[in-house]
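Q: I would like the atomic coordinates for the input below:
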Amino acid sequence: MGGGVARKTQSPIKSYKLQTQMVSANKFDQNLREIDGSVAVVSGEKLQELQIYNTKDLAKVIPGFILKTQTGPNSTVPSIRGISTADVYNPSIVLYVDGIPQSFSLLTQELLDVKRVELLRGPQGTIWGQNAQAGVLNIISNPITSNTPRLNANASVGSLSSNITLSGATPIIADYLYFGASIARDVYHGQIKSSRTGEKLDTSNSLSGTASLAYAPKNSGFEALFKFSGSQLVDHHTGFNVEKDVYDSLKIDPEKIKRIAFDNNGMPTTPPPDENFFPTNILDSQTYALKLSYDFGHSTLSNVTSFQKVYVKNFLPYLPLNGPGNQTKTTTNELRLNTQFDNGGYLVLGAYFQNLNNLNNLGSITINKNNASVFGEGKLPFGNWEFTLGARYSYDFSKFKKESANKHTITPKVALAYNIGETAHIYALYQLGYKPGGFDFYSGNKLKPENSQNAEIGLHSDFLGGKISFDGDFYYIYTTDKQVYSGSGFDAKLRNVGTTDSIGIEAQLSLIPIERLKILFGGAIGHSRFIKGTAASKKTYMNVDTKNNTLSFAPDVSLNANIDYLFAKIAGVNLFGNLNANFYSTTYFDETNETKQAPYATFDLSFRAEFRNGIILNAYAQNLLNQKYANYAFRDLGPTNYLIGDLLNIGLSLSYRL
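A: Coordinates of the predicted model:
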C-alpha cells in the first residue's frame, strides 16, 4: 500500500505532558491520533489506583461500556452503543487477552499484570480474527521479555471485597529465555444477611493465575511464547436475585430461597425439606496458547494458536440449570501479516479458524460450531489525507443435534481521514457488521443472521502542547433481524425480534490545568430503540409490540469523571486525592421495558501515598454515598427479582512495584 520504504514504527512520538496514548487497535502499537475509529484506553496504573481488579468494573472508567452479569458466568450481558447479547456461542463483543480470544463465560475475569485495556467500538472484523459486531475489549499484559526483573504485589482489604495479586517476570537466560507469572485471589464478602443468623449469604471467591515462557533471542526478530491461564470460581453472589423486601432490607429468611428445584434432567422436583437452595455458580477454566512471530524489519508475521476449556455449573432456584454442567472446548488459530510503511500506510492480512464444542447442561445437547475467515485492511496516505479499505469473508457452520446451518458473509469497511498538522486527526468511516445465525443452542430455534450498518465520524486531538486532549465521535447504527432472548419461563429462547437503530455521541476529555492536577471527563449520550419488532411480555406472557421501546442494557446517558490531585509532598512521599464519579440514566432490562433501574450516580473517593521505594498505600471508599441500585432485574413466573449492585466498600490497599 503506497510508496516509500517500509518501516517498523509509524511516526515518532512526541513527549507530551499528558501521556501519549498508545493503542493496538490495528494489531500493532500506534498513537491514538492515527486510528480511524472510536477507542477508549485505560492504563494498568490507573486501574490499580481505582482498585479495579475485574473486567466487570471497567465501566467506571470507560463511558458507554456496560458489562452486567444476570445469573452466572454464562449469562453476562456486555453492551456497546446499544448492541448487546447474552448469546454464549456468538457474542457481539469479544474479549482478547494478549491476542488470545476468550470464551464468553470469561468476559468477567480478573485483571492480571495489565499494561493497558482498550475498548475498540464498532465492528472489528477487518483487523481481528474473531468476529466482533459491537466491539473488542483488548487487554494487554506487561511484556516479560526484559533482562530486568520486575515484581508487582498488591493486597487490598475492604468491607465488601478483598483482593491479593502478585505478578512478575525475570530472565532465565539473559537475551534468550524469559519467564513471567501472576496470581490473584479475590473474595467477595457479601451484603445480604440471613435474618436468622446474620451470616452474609451472597459471597464469592476466585483464584486466577497465569504462567508464560518466552524464547526471544536478542536481535533475531524471532519470538516464541507459551502462556497458560487458569481460573476457579465459587460464586453465591451472581444470581442471588431477590424480591423487593429483601432489596430494601438486605436481609432474607433462608427459607424464602427454597422455591423450586430441578433434577439432573432439568425437570421440576421437590427439594429436600431441610435444604436451603442457595444460588451457586462454579467455573473452572484453562487456556493454553502458543504465539510465534518473526519481525522482518518492515513486516511482522505472527501466529497464535489457543485451546480453551471452560466448565460452568449452575445451581439456581428459579431456572432449570442444575444438570450435569456446561463444558465448552474452543480451539482457535489466527495467522497474520502486518506491514508498515514510511509514509504512514499499513497493510494487515490475516486468516482465522475457530472450532467450538459444547456439552450443554439442558438435556445433554452436544453443540458444534465452526468459523473460518480471511480478512485484511490497508491504509493509503496522500498528503494530509488517508484512505482506508478493508474487508472480511467469513464462513460459519454449526450443528445442533441432527440439524446443521451454514452461511457465507462478506463485511467491508471504508474510511477517509484528514490530519491537521500533528495535533488533530478527523475521520469518517462506514462498515458492515454481523452476528451469525444458525441456532439458539439451548432450544434449537433457528436464527437469521443479525446484520448492522455502521456510520461514524470522529476526532482525535491534542492541544496546548499536550495539556489538553480530546477524543470524540458521532455514530449511527441500523440493525436488522435483531437477536434477543425473548419469552417467559421455559419458553425463553434466542429469537429474531425486529429492526433497531442506535444514534449517539461519545467523548473523552483529558486535561492538566495545573501541574499537580489531572482531570478526565468521559461520556456517551444517545438512544437505542426498536424501529419495529415484537417480544414476549413478562406480565402477560403474550407477544407485544416493541416499536420505539429502548433496547435493554442501553442507558441514554452514561458519564464518568476522574480527578487526581497531588496535594502535598512530604519527605519524598507524594500524597494524592482521587475522586471518581459515574452517572447512568434509566436502564431497561428487557425489550418490553417492564423492568428497569432508575437514574443513579456513584462516587468513589481515595487517598494514596506514593513512596520513593515503590510502595503505595491507598485508603478508599467505593460507592461513598452507599447508593442502592440493581445490576439486573427480571419478572418471570412471579414477582420482580433484583440483583443488587455493590454498596459501600471501605478499604485499604498496599502495593509494591519493583
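
Q: mind listing what Thr305 touches?
A: 289-290, 331-333 (C-beta atoms under 8 Å, 6 or more residues apart in numbering). C-betas here are computed from N, CA, C, even on glycine.

Q: can we see that at 10 Å?
A: 100, 288-292, 331-335, 353 (C-beta atoms under 10 Å, 6 or more residues apart in numbering).

Q: any idea which helix or strand carries it?
A: strand 299-315 (DSSP states H and E).

Q: counting contacts, what elements does whichever helix or strand comes after that strand pack onto?
A: The first helix or strand that comes after strand 299-315 along the chain, using DSSP H and E, is strand 326-340. If you count contacts as 3 or more C-beta pairs under 10 Å, 6 or more residues apart in numbering; DSSP states H and E, strand 326-340 packs onto strand 100-101, strand 280-295, strand 299-315, strand 346-359, strand 366-382.

Q: within the sheet, what are the partner strands of the first one, with directions?
A: When pairing is defined by DSSP bridges, strand 100-101 lines up against strand 93-97 (antiparallel).

Q: send the alpha carbons of the partner strand over as PDB?
A: Presented in PDB, the C-alpha positions along strand 93-97 are these (Å, rounded to 0.1, in the frame of the first residue of the first chain):
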ATOM      1  CA  ILE A  93     -18.500  -8.200  21.900                       C
ATOM      2  CA  VAL A  94     -15.200 -10.200  22.100                       C
ATOM      3  CA  LEU A  95     -12.600 -10.200  24.800                       C
ATOM      4  CA  TYR A  96      -9.000 -10.600  23.800                       C
ATOM      5  CA  VAL A  97      -6.200 -11.100  26.400                       C
END
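
Q: rewinding a little: adjacent strands (with direction) for the strand holding Thr305?
A: Partners of strand 299-315 in its sheet, by DSSP bridges: strand 280-295 (antiparallel), strand 326-340 (antiparallel).

Q: just the CA trace of the shortest one, in PDB.
A: The reference is to strand 326-340. C-alpha atoms of strand 326-340 as PDB (Å, rounded to 0.1, in the frame of the first residue of the first chain):
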ATOM      1  CA  ASN A 326     -21.800 -26.900  30.700                       C
ATOM      2  CA  GLN A 327     -18.400 -27.700  29.300                       C
ATOM      3  CA  THR A 328     -17.000 -25.700  26.300                       C
ATOM      4  CA  LYS A 329     -13.800 -26.600  24.400                       C
ATOM      5  CA  THR A 330     -12.600 -24.000  21.900                       C
ATOM      6  CA  THR A 331      -9.700 -24.200  19.600                       C
ATOM      7  CA  THR A 332      -8.600 -21.100  17.600                       C
ATOM      8  CA  ASN A 333      -5.800 -20.200  15.200                       C
ATOM      9  CA  GLU A 334      -5.000 -16.800  13.900                       C
ATOM     10  CA  LEU A 335      -2.300 -16.100  11.300                       C
ATOM     11  CA  ARG A 336      -1.500 -12.500  10.300                       C
ATOM     12  CA  LEU A 337       1.000 -10.400   8.400                       C
ATOM     13  CA  ASN A 338       1.400  -6.800   9.400                       C
ATOM     14  CA  THR A 339       3.400  -4.400   7.200                       C
ATOM     15  CA  GLN A 340       4.000  -0.700   8.000                       C
END
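
Q: Ile570: neighbour count?
A: By other C-beta atoms under 10 Å, the residues close to Ile570 number 8.

Q: no wait, Ile144
A: Neighbours of Ile144 using other C-beta under 10 Å come to 22.

Q: with Met542 instead?
A: Neighbours of Met542 (other C-beta under 10 Å): 9.

Q: go ahead and confirm it touches Ala536.
A: Yes: using C-beta atoms under 10 Å, Met542 makes contact with Ala536 at a distance of 7.0 Å.

Q: in the stretch 451-600 of the chain, what spans have low per-residue confidence?
A: The stretch 451-600 of the chain contains residues with pLDDT under 70 at 487-491, 538-541.

Q: where along it do the strands fall?
A: 468-486, 493-511, 517-536, 543-545, 557-570, 573-584, 587-588, 596-597, 600-610 (DSSP state E, counting those that start in this stretch).

Q: make CSV out of those strands and add distance to Asn152.
A: Shown next, in CSV, are the strands of the stretch 451-600 of the chain (distance: least, C-beta to C-beta, whole Å):
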stretch, distance to Asn152
strand 468-486, 27
strand 493-511, 25
strand 517-536, 22
strand 543-545, 52
strand 557-570, 20
strand 573-584, 18
strand 587-588, 35
strand 596-597, 36
strand 600-610, 14
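
Q: so which of the ones you listed comes closest to Phe179?
A: Nearest to Phe179 among those is strand 600-610 (28.4 Å), distances taken as C-beta to C-beta.

Q: next, the buried residues of stretch 288-303.
A: 289, 291-293, 300-302 (16 or more other C-beta atoms under 10 Å).

Q: could the contacts of Thr305 be laid out in JSON lines, adding distance to Asp87?
A: Converted to JSON lines, the contacts of Thr305 look like this (distance: C-beta to C-beta, whole Å):
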{"residue": "Ile100", "distance to Asp87": "20"}
{"residue": "Tyr288", "distance to Asp87": "25"}
{"residue": "Ala289", "distance to Asp87": "24"}
{"residue": "Leu290", "distance to Asp87": "28"}
{"residue": "Lys291", "distance to Asp87": "28"}
{"residue": "Leu292", "distance to Asp87": "32"}
{"residue": "Thr331", "distance to Asp87": "20"}
{"residue": "Thr332", "distance to Asp87": "18"}
{"residue": "Asn333", "distance to Asp87": "23"}
{"residue": "Glu334", "distance to Asp87": "22"}
{"residue": "Leu335", "distance to Asp87": "27"}
{"residue": "Phe353", "distance to Asp87": "20"}
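
Q: out of these, who's nearest Glu610?
A: Nearest to Glu610 among the contacts of Thr305, with distances taken as C-beta to C-beta, is Ile100, at 32.7 Å.

Q: for Glu334, see how far away the residue most central in space within the chain is.
A: By C-alpha atoms, centre = their mean, the chain has its centre lying nearest to Leu137, at 4.7 Å. Distance, Leu137 to Glu334, using C-beta to C-beta, to the nearest Å: 17 Å.

Q: same deal with Asn641?
A: From Asn641 to Glu334 the distance is 41 Å (C-beta to C-beta).

Q: tell me how far stretch 543-562 lies from the chain's centre.
A: Chain-centre distance of stretch 543-562: 19 Å, with C-alpha atoms, centre = their mean, to the nearest Å.

Q: actually, stretch 50-59.
A: For stretch 50-59, the distance to the chain centre is 10 Å (C-alpha atoms, centre = their mean).

Q: with stretch 153-160 instead?
A: With C-alpha atoms, centre = their mean, you get 23 Å for stretch 153-160.

Q: cool, stretch 398-408 as well?
A: So, by C-alpha atoms, centre = their mean, the centroid of stretch 398-408 is 28 Å from its chain's centroid.

Q: same thing with stretch 152-168?
A: Relative to its parent chain, stretch 152-168 has a centroid offset of 21 Å by C-alpha atoms, centre = their mean.
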